[in-house]
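Visitor: sharing a sequence plus its predicted fold:
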Amino acid sequence: MHRVLLIYNPASGQRHERRAKQIARIIEVFRASGCQVEASATTHAGSAIQQAQQAVAAGFDTVIACGGDGTINETLNGLMLNPSDVVLGVVPLGSGNLLATDLRLPSDPVAAARKLLTYKPRVVRPGVIASRGGSGPPERYFLVAAGVGSDAELMYRTAVEAKERYGRNAYFLEMMRMAWHGRYPMFQVEWDDEQGNRRKDQVTLVMAIRATRFPGLMRLVDLGCALTRDDYRLLLFRTDKVRHFLSFFASLATGLNWKVARVETMHATWFRCSAISADARIHSQADGELLGLLPVEVGIGTKTVKLLMPE
């Protein structure tokens with residue numbers, strides 16, 4: 001690293017002063033290693049996309065996304081709009097920190113910055129998702145996961161205030177609330193299986209997962225994924241029964257990975273979702289960020305990014 005730009009979420013309210021101190025200490029870590037460092041705070045949803053583009057144009061060789069998975073995803077997408085040799089790094093400052101967990105970074109942001117200095121850039125092909133009616137670029141790149149259906153509905157229903165108060169546990173609380181209220185709408189999915197055959201079915205949830213490690217209750221999950229693979233693990237839920245959802249996530253959380261009826265997993269590189277009913281509002285998400293509605297198409301991008309990763 002030589003010339004480094006930190007793109008960070010400044011937080012708000014009582015957290016603002018604490019965030020400012022964290023960023024100051026992170027800057028000290030990089031400067032102590034001999035880097036020229038500048039910091040740029042996000043100002044609104046989507047601003048990190050613009051800031052990452054500007055960093056490329058300004059000649060920075062490394063951009064560090066300091067924030068949650070949303071800030072990281074926006075920064076990634078800014079770099080992907082104009083592919084270059086600029087390296088992407090991550091310092092966790094959010095509620096979920098899924099990518100930071102996968103990269104084996106400490107939860108403490110200053111400790112994470114120190115460890116990041118030992119990481120090396122590796123070429124990664126992010127996933128890419130296209131949906132209708134979303135904000136930002138028509139195509140959105142992702143590193144950790146993309147989902148359509150009840151997974152994205154969970155993101156849609158989880159309030160910002162709940163995430164600030166309960167962190168990633170806010171999603172589990174909302175998941176239980178959704179399960180209590182019953183079923184999920186079905187939609188159609190087409191995908192290419194591992195033998196290259198085109199298949200079609202009706203599902204309530206489909207996910208493309210790329211990360212190897214997950215935090216908290218999902219730390220024992222092992223789906224055979226990796227950011228360095230040019231595919232993802234495809235999860236298909238051909239069920240609207242709450243018991244199947246709960247059984248599957250329990251199987252992952254315990255690391256026992258028992259077979260669950262009407263749930264299938266496989267490696268894949270492409271799928272497309274479409275509505276069965278014209279008035280259905282099925283959401284999509286990428287890296288925990290709510291995107292648009294059906295139709296949705298998810299693949300592996302042809303563009304690459306250099307990501308700071310452990311050796």
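Guide: Now that the structure is in, tell me what you want to look at.
Visitor: residues near residue 248, how many?
Guide: Taking other Cβ atoms under 10 Å as the criterion, the count of residues near residue 248 is 22. (Each C-beta comes from the backbone N, C-alpha and C, glycine too.)
Visitor: surely residue 225 touches residue 208?
Guide: No. In this structure residue 225 lies outside contact range of residue 208 using Cβ atoms under 8 Å: 9.5 Å.
Visitor: shared neighbours of the two, which are they?
Guide: Both residue 225 and residue 208 are contacted by 232-233, under the criterion Cβ atoms under 8 Å, 6 or more residues apart in numbering.
Visitor: helices of the chain, start to end?
Guide: Taking DSSP state H, the helices of the chain run over residues 15-32, 47-58, 69-81, 98-102, 109-116, 150-157, 160-166, 169-181, 242-254.
Visitor: a markdown table please, covering these and showing mean pLDDT.
Guide: As requested, the helices of the chain are exported to a markdown table (pLDDT from 0 to 100):
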| stretch | mean pLDDT |
| --- | --- |
| helix 15-32 | 93 |
| helix 47-58 | 96 |
| helix 69-81 | 95 |
| helix 98-102 | 94 |
| helix 109-116 | 98 |
| helix 150-157 | 65 |
| helix 160-166 | 47 |
| helix 169-181 | 50 |
| helix 242-254 | 82 |
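Visitor: quick one, which of those helices is nearest to residue 220?
Guide: Across those, residue 220 has its closest neighbour in helix 242-254 (6.4 Å, Cβ to Cβ).
Visitor: how about that closest one as CSV, C-alpha atoms only?
Guide: Output for helix 242-254, consisting of C-alpha atoms alone and laid out as CSV, is shown next (Å, rounded to 0.1, in the frame of the first residue of the first chain):
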residue,chain,number,x,y,z
VAL,A,242,-41.8,-22.6,8.2
ARG,A,243,-40.6,-25.9,9.6
HIS,A,244,-38.4,-26.5,6.6
PHE,A,245,-36.7,-23.1,6.9
LEU,A,246,-36.1,-23.6,10.6
SER,A,247,-34.8,-27.1,10.1
PHE,A,248,-32.4,-26.0,7.3
PHE,A,249,-30.9,-23.1,9.3
ALA,A,250,-30.6,-25.3,12.4
SER,A,251,-28.7,-27.8,10.3
LEU,A,252,-26.3,-25.1,9.2
ALA,A,253,-25.9,-23.5,12.6
THR,A,254,-25.0,-26.8,14.3
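Visitor: and it, what's buried?
Guide: Of all the residues in helix 242-254, those buried under the rule 16 or more other Cβ atoms under 10 Å are 242, 244-245, 247-249, 251-252.
Visitor: same question, stretch 29-37
Guide: Of the residues in stretch 29-37, those buried under the neighbour-count criterion (16+ other Cβ under 10 Å) are 29-30, 35, 37.
Visitor: cool, and stretch 69-81?
Guide: By neighbour count, with 16+ other Cβ under 10 Å as the criterion, the buried positions of stretch 69-81 are 69-80.
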